[in-house]
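Trainee: missing the sequence, but the structure's below:
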Ligand code: NAD
Ligand code: TYD
């Protein structure tokens, strides 16, 4: 099977490529990646060149995408601008890659009748109140909050339009927050690990009460394979591992993993429009026979700390650049207001 993986030099895509080659001997992979600041070609460098090749290129380059799709049996589309904080500073890049890039992939897959799996996020559903018992399901209405989540929501709509209008054989998955090896140092968990490894305390936005539903990247990628192999074209699947934890829970667990006082961290300025809580009901993907294996978040975090500890050349330059990015706007701040449990975030300005 010839697989085209867009964004395969990024966090989830590179772990997908590595896991695919390790577990499916009948596969060959072509990675299409623009090698933006978020990519790290070292994540693929040790792979068998006979089974994995990296094409440096833009997913918005329709001619290049068409040529690569023509030679594929399956396309898995990870490529995206993926960081909320950056989407607040440079939204146009998110519209271009996440929307126009997806349309280029859809056009080529329809033209060559190639099966597509589109990687989306639970952030398309907006946020939940902290005290809301609900979780996201495939029927939850889209209510994105940030330029990042709005661009991903838009891309999902285009996938459905191609399924309906052009008979494209495509599935969509909306996954919760991933953690694990090879995640860019700008993201929450690696940032805190690398600050701790550099002798600096973790930094929490606002009060830290915001909740994310953490899943190990290998569990996400196993779910993607379950959908590719057993999912129904045209359907949407939600992926999550019942891993809800507040940001405070996570920094305390990381402090403990480093043998530090759990409450030794800094509060900094909050993210504008900061989503309160995400939570996934993954029944749609579990029905395909998939179950997550990494159910102990503290153990998963400890394994992730070990990986970063052992791989400084992989992260050093990107970590220094990410800290410079944050230093431009981030300030120490006392957490004055609790995260509103209900309503208030969405009601501001209405
Ligand atoms: P990432 O930022 O680590 O990787 C994205 C990759 O896409 C990078 O290698 C980058 O170079 C590449 N890319 C960016 N623009 C490109 C372009 N124009 N053409 C070709 N390649 C381009 O992101 P990630 O965390 O691995 O996320 C991968 C996918 O999973 C994204 O679609 C994201 O929305 C989705 N997702 C992420 C999470 C998460 O927690 N990280 C959760 C759910 C869904
Ligand atoms: P992030 O990894 O950016 O993912 P997302 O915004 O897609 O959920 O952030 C995860 C959570 O951590 C989010 O609530 C913002 C928060 N956060 C911090 O508290 N401190 C940080 O330094 C960063 C980067 C994020």
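Mentor: Yep, it's here. Not measured: the values here are computed from a predicted model. Numbering: from 1, shown residues only. Ligands and ions are numbered 1, 2, ... in the order given.

Trainee: Flag the shaky bits of this structure, pLDDT-wise.
Mentor: Applying pLDDT under 70 to the chain flags the ranges 336-350.

Trainee: at 80 what do you get?
Mentor: The chain contains residues with pLDDT under 80 at 335-350.

Trainee: Show me which residues of it sit near ligand 2.
Mentor: 84, 177, 187-188, 191, 203-205, 210, 212, 247, 271 (CB under 6 Å from any ligand atom). C-betas here are computed from N, CA, C, even on glycine.

Trainee: What's the separation between the residue in the stretch 201-350 of the chain that ligand 1 sits nearest to and residue 12?
Mentor: Here the stretch 201-350 of the chain gets closest to ligand 1 at one residue, residue 220, 7.3 Å apart by CB to the nearest ligand atom. Distance, residue 220 to residue 12, by CB to CB, to the nearest Å: 6 Å.

Trainee: Now do the shared contacts for the two.
Mentor: With CB atoms under 8 Å, 6 or more residues apart in numbering applied, the overlap between the contact sets of residue 220 and residue 12 consists of residue 178.

Trainee: Neighbour count for those two, which is higher?
Mentor: More crowded of residue 220 and residue 12, by other CB atoms under 10 Å: residue 220, with 26 against 22.

Trainee: Pretty sure that one sits against residue 178.
Mentor: Yes. Here residue 220 reaches residue 178: they are 5.4 Å apart, a contact under CB atoms under 8 Å.

Trainee: Quick check: neighbours shared by those two?
Mentor: residue 12.

Trainee: what about residue 295, how many neighbours?
Mentor: For residue 295, using other CB under 10 Å, the count is 14.

Trainee: Kindly report the same for the one 3 residues further on.
Mentor: Applying the criterion other CB under 10 Å, we find 13 residues in the vicinity of residue 298.

Trainee: and the end-to-end length of stretch 267-279?
Mentor: Length of stretch 267-279, first residue to last, CA to CA, to the nearest Å: 24 Å.

Trainee: Any part of that stretch near ligand 1?
Mentor: No. Applying CB under 6 Å from any ligand atom, one finds stretch 267-279 separated from ligand 1 by no less than 9.5 Å.

Trainee: residues of that stretch that come out buried?
Mentor: 267-268, 270-271, 274-279 (16 or more other CB atoms under 10 Å).

Trainee: Now tabulate those in TSV and tack on secondary structure.
Mentor: What follows is the buried residues of stretch 267-279, written out as TSV (DSSP: H, G, I helix; E, B strand; the rest coil):
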residue	secondary structure
267	strand
268	strand
270	coil
271	coil
274	coil
275	coil
276	coil
277	strand
278	coil
279	coil
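
Trainee: Kindly reformat those residues as JSON lines containing distance to residue 96.
Mentor: Below are the buried residues of stretch 267-279 laid out as JSON lines (distance: CB to CB, whole Å):
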{"residue": "267", "distance to residue 96": "34"}
{"residue": "268", "distance to residue 96": "29"}
{"residue": "270", "distance to residue 96": "28"}
{"residue": "271", "distance to residue 96": "22"}
{"residue": "274", "distance to residue 96": "25"}
{"residue": "275", "distance to residue 96": "23"}
{"residue": "276", "distance to residue 96": "29"}
{"residue": "277", "distance to residue 96": "30"}
{"residue": "278", "distance to residue 96": "25"}
{"residue": "279", "distance to residue 96": "30"}
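
Trainee: how far does stretch 309-329 sit from the chain's center?
Mentor: Between the centre of stretch 309-329 and the centre of its chain there are 18 Å (CA atoms, centre = their mean, to the nearest Å).
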